[in-house]
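[1] I'll drop the sequence and a predicted model, then ask my questions.
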Amino acid sequence: MRTLRNPFLNWLVEHPTAAGFAVVGAGIVLLALLPILLYVLPIRKVPLRYNLRNLQNRWKTTLVTALAFTFVTGLLTGMLSFVRGMDRLTESSGHPGNVIVLSDGATDEAFSNLPPMAVEQLPRDLQREVQKTEDGQWLFSKEVYVIVMYMIPNPSAGGRERRFVQMRGLDNIPVAAAVHDVKLAVGDWPREPFVRKVDGFGNAKEIVIGHGVARAFGSDVGKKMLEPGDTVVLGPETWVVSGVMEEGGNSFGSEIWTRDLFVQQGFGRENSYCSYVVRTASADKAKLAAQEIKNFKLERNLQAFTERAYYAKMSETSKQFSFAIYIVAVIMAIGGVLGVMNTMYAAISQRGKDIGVLRLMGYRRWQILLSFQLESLLIALLGGVLVCVVAFLLFNGTTVSSIISSGVGGGGKSVVLRLIFDTFVFGFGLTFSLLMGALGGFFPSLSAMRLRPLESLR
Amino acid sequence: MFTRLYEQIAADPINLAAAIITLIVLVAGAAYIVTYPRLFMLGLKNLRRHFLRTALTSAAIGVLAFMITTIWTIIFFIDLITVERSKDLKIIVTYRWSVPSQMPITHADYLNPASSQFLPELVDAQGNKLYGPNDFMTWSFYGGTTDPAKITPDTLILFFVMEPEQIIPMMDDLGDLDPKLVEALKDKPQGCLLGTDKLKALDKKVGERFKLTSINYKGIDLEFEIVGVLPDGRYNASAIMRMDYFNKSFEQYARANNGRAHPLANKRLNLIWLRVGDRDKFDQIGSIVMKSPRFSNFPVKVETASSLVGSFLDAYRDIFLAMKFVIVPGMLVIMALVMANAISITVRERRGEMAVMKVLGYRPNQVFLLIVGEAVFVGAVAGLLAAGATFAFFNLRWGGIPFRIGFFPVFRIPEAALMWGLAIGTLTALAGCLIPAWTARSVKVSEVFSKVA
Amino acid sequence: MAEPIMHIRNVVKSFTRGGEEITVLRNLNLEVAEGEFLGIMGPSGSGKTTLLNLIAGLDKPNRGEVWIGGRCVSTMTESQLAAWRTRNIGFIFQFYHLLPVLTAYENVELPLLLLPISSQKRRDQVLNALDLVGLSDRMYHRPGQLSGGQQQRVGIARAIVTDPTLIVADEPTGDLDARSAVEILNLMGELQKGLNKTILLVTHDPRAAERTQRIVHLEKGQLLESEEMQAAGLMAPSDSFQAKAQG
């Protein structure tokens, strides 16, 4: 294949399919943007109020068509807000200065197996990079992570009887909280001896639960949220909530934290950990430390990632869903485009005489094209704006639970995320709606442009 | 095909509804054509006269029906798999308290009817075992990569480790597997069966060998010979290897490490499957197993396959709910709106014509029926064709919809999808056309004069 | 006769329909002087519409030329023609062809939007045109709220608002009752006399044709000149019109 000097052109030649899509996409964008641009410019054109009044005159059709746009765009923005929420979650989980250490070969915490280790075992120059708390403790957290069975109390008949929940045992809970930047919304961190007497039950082990867990478990017992003092049966034991984490938009919101020993003993993980998390001073330091740790041999080889990189890998699921969403969106859009074509063809056949008169007055073909294209865009805009208002009012901040995973080896974390309707989502939705309008209006507008003036007056 | 259709209708109330609607549409359509043949022909002519609009509307209905069929297939199978079957009930024994379930390999002996260690509680007073050797299967998972430097879904293989003779009697959807494949697997100790996708990813042929570096059993790296290919469909991304090869590799590991067993050697059994038949048997066997002191050091739980799958899919629950109760209804509304738009345009353009029809003696109901007939015809035909196209497109090309959720690689479009297409096409057409058709019905005869004047 | 404002020279126009060639205009010649009120009569199918198409530059002759206001219409490009039409030709139609969603004022304003003039000037011209046709009090009504005669007055205002070289009226009274038709014809006569407009009136109504200064008959693709001129200036301007034109 001939090599072109321009790298962009070169790329297009090498990717004919992508180039095709790019050309079509650019064309559609042009169809949407050019009319708007031309309308804003002080050039001569069919007055906009002509279109507005027509839309108003057949308001039923306008509304039905706009509503179709609203639904298409609404579904799209809804799905997009989900992906955005997921992306934000994977982005904001993980501190830039943190390094997560897993055993070699493990792609997921659940499959990792590490021996106990102390910071002092690390080489000197590595030790220096580990940050400390104000009272001089290493910001180094040893964690054991298991997925445990939660039996739903009094499940409804035929409904779900159990859930999997993610439980994290920590060698030092306050240090872990500092490493992960997790704060409590209510209650206290578990303290020595990590058990507490519960009325009518006896001694229960203390846990801290994520915001999402508090809500989900709360709904099982008919409360808005679980509170400190409430008990939960997990695996073979009963536990008592000592605190609920602040809602932080990170993946810890769907976790339960407790002392490492309880998890190791309760779930067959004696004397082993899944991950170490180390806080360094900065993202750069974290990167270097991760590299160093990989070279360092304990009993077995270690794997280390910056926490950011680790969670970024977890966005595989969201990639798959984004892909599916774009396909669904394109197909829905085809439906919407065909719908608006119906409307515009009908509008044009009804207004053939108008077009004829305008042409006889001296309006050019492109001015007719512009006018009808603009009318189609107006319908799209109406539909798009309607979406933004409704979606924002109804769904912004709604939480949904989902799963994030690296798509490798079947692991994954279930998480609670918020739907995010930000300017990107709205901008995308509105643009998408306009593009549908542009495409749907184009062919009818072309046919309007081609009408022969005197014949259309017959 | 018809037996499958019947099973699908019996399995799901939505399919039953679709079947009923399909039946109604066919009967009502036939009745309409017989009662008002002229009206029907007139409707067809009208559709042909506004060919562009008919084409645009059917295309819009078609693509949306295509999308709904696709999404609903996924929902249908997820529902089907998480709803307990009343016959041929299979149950799963796993580690009780956490995931992944890791059990001592000896657990299998207690539940294997062919073993001498079989739990005596599972034998009834007459000396009959509560289930036979063909109702028992063990699973371990052995995962490895062909390229440890690059762990991607393409280089990864996750094996079901099991006894070859358990495949046909116990594996879902492999009941009609060619017995020759099982024989081939039995012949070769290092043999394995691969799904078509895996075979493609490895770029290997049957008879060739490959090596894996283990992901979940560190230090147990194995070599395999491909002896056969699993049938196209649900096992495209799967692989099956022999339990004895797996077990021997642990002995080898211990020998190579001065008698020190692999750290996971005693936790290498993941699942035990039992076929118990019905719910009563499940309760009976379940409580025996859960109570047995044999398992007290490594407690197990017993649950139906559907309930276990359901727990695994819990993380996806909101996504499925959104698909089921937001996306699909949303698309149905879009279909109805497209239809409403098209029909109301038609009615507005043809007001004069309707008035003339009334002058000529057509009754309002006949005018109404004419419009409804046109709409439903377009909707039903477009919906049916779209569903048929979806069926053919996905099933012939990939053996189903290639959307990976959890451990489902593809979702085969069920035969019932054809009825879904017809039903949603009809229902959305009806929903969209009723108001405009009513407008047409109530056109005043006097309009004929004002139009002409 | 003064220098002709419109000059059609040896025009031939034919179409092929179903493989058969139909010649609509055969070697047609016509001159119209500035300020002339010309009637063109002919039965349907005689080629009136084809002739109008050629004059408006909507179609090109197979042979021959059409000159209007010193420019050869038949050789202009389409975009030149569109701009030229705005300034040089005003159309009046049998069915008025007002845009139903726009008010009388806005309908009259439409052609002016294509011209590079200030909005103040545009407003003045629209108001003046509406005043001339006597509809100043109805300018915010939409066509649906006006009678047929009133609608045609709006149509006339729209045709004259750009001060075109030539006004082409295609059966302007064809859809009107007798009284309104007379009013419209009076109005057109006044425009021609009072403002020295050149008007081409295509009609098959002899009563309408009577009001013109000269009548030509289009018959089988050729023009037959009626030698006798219509008596010019026989019509008295209506009082109301004069009052408005001056007020």
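    That came through, no problem.
[2] in the stretch 1-150 of chain A, where is pLDDT below threshold?
    Across the stretch 1-150 of chain A, the ranges flagged by pLDDT under 70 are A:1-5, A:7-8, A:11-12, A:105-107.
[3] what does it put close to chain C?
    Proximity of the stretch 1-150 of chain A to chain C (C-beta under 8 Å from any C-beta of the partner chain) is limited to residues A:44-47, A:49-50, A:53-54, A:56-57. For glycine as for every other residue, the C-beta is placed from the backbone atoms N, C-alpha and C.
[4] of those, which belong to strands?
    Taking DSSP state E, every one of the residues of the stretch 1-150 of chain A next to chain C sits outside strands.
[5] generate the ChimeraX command that creates a selection of the buried members of those residues.
    Burial among the residues of the stretch 1-150 of chain A next to chain C is assessed by 16 or more other C-beta atoms under 10 Å in any protein chain shown; the matching ChimeraX selection reads:
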select /A:45,46,50,53,54
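[6] between the residues of the stretch 1-150 of chain A next to chain C, which is nearest residue B:354?
    Nearest to residue B:354 out of these is residue A:57 (C-beta to C-beta; 20.8 Å).
[7] surely the closest one meets residue C:101?
    Yes - contact criterion C-beta atoms under 8 Å: residue A:57 and residue C:101 qualify, at 5.6 Å.
[8] not counting its neighbours along the chain, what's nearest residue A:288?
    Spatially, and ignoring its direct neighbours in sequence, residue A:288 is nearest to residue A:129 (7.5 Å; C-beta to C-beta, 6 or more residues apart in numbering or on different chains).
[9] just give me the neighbour total for residue A:349.
    Residue A:349 has 18 neighbours, counted by other C-beta atoms under 10 Å in any protein chain shown.
[10] to clarify, my last question referred to residue A:307.
    Neighbour count for residue A:307, taken as other C-beta under 10 Å: 24.
[11] quick one on the thing from earlier: give the contact list for the residue nearest to residue A:288.
    Contacts for residue A:129 (C-beta atoms under 8 Å, 6 or more residues apart in numbering or on different chains) come out as A:278, A:280-281, A:285, A:288-289.
[12] what's the distance between it and chain B?
    Residue A:129 is 27 Å from chain B, where distance means C-beta to the nearest C-beta, to the nearest Å.
[13] now that residue: how far from residue A:293?
    Residue A:129 sits 10 Å away from residue A:293, going by C-beta to C-beta, to the nearest Å.
[14] same thing with residue B:435?
    Counting by C-beta to C-beta, the gap from residue B:435 to residue A:293 is 68 Å.
[15] who's more crowded, the two?
    Neighbours of residue B:435 and residue A:293, each counted by other C-beta under 10 Å, are more numerous for residue A:293; the result is 21 against 15.
[16] shouldn't the more buried one be in contact with residue A:304?
    Yes - with contact defined as C-beta under 8 Å, residue A:293 counts as touching residue A:304 (3.9 Å).
[17] and for the two, which residues touch both?
    Counting by C-beta under 8 Å, 6+ apart, the residues touching both residue A:293 and residue A:304 are A:99, A:101.
[18] ends of stretch A:175-194, how far apart?
    15 Å (C-alpha to C-alpha, to the nearest Å).
[19] hmm, back to that, quick check: helices, which of the contacts of residue A:129 are part of them?
    Judged by DSSP state H, the contacts of residue A:129 include A:285, A:288-289 as members of helices.
[20] quick check: residue C:218 is in a helix.
    No - per DSSP: H, G, I helix; E, B strand; the rest coil, residue C:218 lies outside any helix segment and is strand.
[21] where's residue A:436 relative to residue B:424, distance?
    For residue A:436, the distance to residue B:424 - C-beta to C-beta - is 22 Å.
[22] the two: which has the busier surroundings?
    residue A:436 (33 against 29).
[23] I figured the more buried one was touching residue A:336, is that so?
    Yes - Residue A:436 is in contact with residue A:336 according to C-beta under 8 Å; the separation is 4.8 Å.
[24] which residues do those two both contact?
    A:69, A:72.
[25] got the contact list for the residue in the stretch 251-400 of chain A that chain C sits nearest to?
    Proximity to chain C, evaluated over the stretch 251-400 of chain A using C-beta to the nearest C-beta, is greatest for residue A:362 at 3.0 Å. For residue A:362, the contact set (C-beta under 8 Å, 6+ apart) comprises C:82-87, C:111, C:114.
[26] next up, the contacts around residue A:52.
    Counted by C-beta under 8 Å, 6+ apart, residue A:52 has contacts residue A:378.
[27] any idea how far residue A:375 is from it?
    To residue A:375, residue A:52 is 9 Å away according to C-beta to C-beta.
[28] residue A:334 against residue B:60, yeah?
    Yes - if you go by C-beta under 8 Å, residue A:334 and residue B:60 touch, sitting 7.4 Å apart.
[29] who has more neighbours out of those two?
    Shown here are residue A:334 and residue B:60; by other C-beta under 10 Å, residue B:60 has more neighbours (28 against 21).
[30] ok but that one is inside a strand, no?
    No - using three-state DSSP, the assignment for residue B:60 is helix, not a strand.
[31] ok, the nearest residue to it once chain neighbours are set aside - contacts?
    On the basis of C-beta to C-beta, 6+ apart, the spatially nearest residue to residue B:60 that is not a chain neighbour turns out to be residue A:338, at 3.6 Å. By C-beta under 8 Å, 6+ apart, the residues touching residue A:338 are A:440, B:56-57, B:59-60, B:63, B:338.
[32] next, give phi and psi for the residue in chain C that chain A sits nearest to.
    Using C-beta to the nearest C-beta, residue C:86 is the residue of chain C that sits closest to chain A, at 3.0 Å. Note on residue C:86: backbone dihedrals following degrees, to the nearest 10 are phi -60, psi -40.
[33] distance of the residue of the stretch 101-250 of chain B found nearest chain C from residue B:199?
    At 57.4 Å from chain C, residue B:232 is the closest residue in the stretch 101-250 of chain B, using C-beta to the nearest C-beta. Separation of residue B:232 from residue B:199 (C-beta to C-beta): 11 Å.
[34] check residue C:38 too.
    The spacing between residue C:38 and residue B:199, counted by C-beta to C-beta, is 87 Å.
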